[in-house]
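J.: Below are the sequence and a predicted model for it; my questions follow.
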Amino acid sequence: MRERNEKLKEKILNGETEESVAIGAGSYTKSEWSKFLKDFDDAQDMIKQQIREEITKRVEKQEKIEEIEDEKFEKDIDKDIQDKKELEKEYEYAQKF
């Protein structure tokens, strides 16, 4: 403990100490608080980026699904048109008798 007190005394004499402020259950110096806030901001930015990437993936996936559904719909319409033409030909043929 004496050694710790000596180091603290030396820091005070050399102007190497910072004021500490109690925040919640902890106590932080200005530099510690600044580092804490920077780390928090960095983590928040990382989360925001991950959310953006996830949204982009989901939008792309939905666009692919819609594209596939559109292609299927167009194929179904083409088949319906073809079926209608065949039925019309059969009807015309049957009318001849």
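T.: Yep, that arrived. Numbering: from 1, shown residues only.
J.: Please report the distance of residue 39 from residue 7.
T.: The spacing between residue 39 and residue 7, counted by C-beta to C-beta, to the nearest Å, is 26 Å. Where C-beta positions appear, they are placed from N, C-alpha and C, glycine not excepted.
J.: now swap in residue 67 and tell me
T.: 68 Å.
J.: do the same with residue 40
T.: Taken as C-beta to C-beta, the span from residue 40 to residue 7 is 30 Å.
J.: Would you mind listing where this structure has pLDDT under the threshold?
T.: Applying pLDDT under 70 to the chain flags the ranges 97.
J.: ranges for the strands of it?
T.: Secondary structure of the chain (DSSP state E): strands located at 20-23, 26-29.
J.: tell me the most buried of these?
T.: Most buried of those, by mean neighbour count (mean count of other C-beta atoms under 10 Å): strand 26-29, with a mean of 13.
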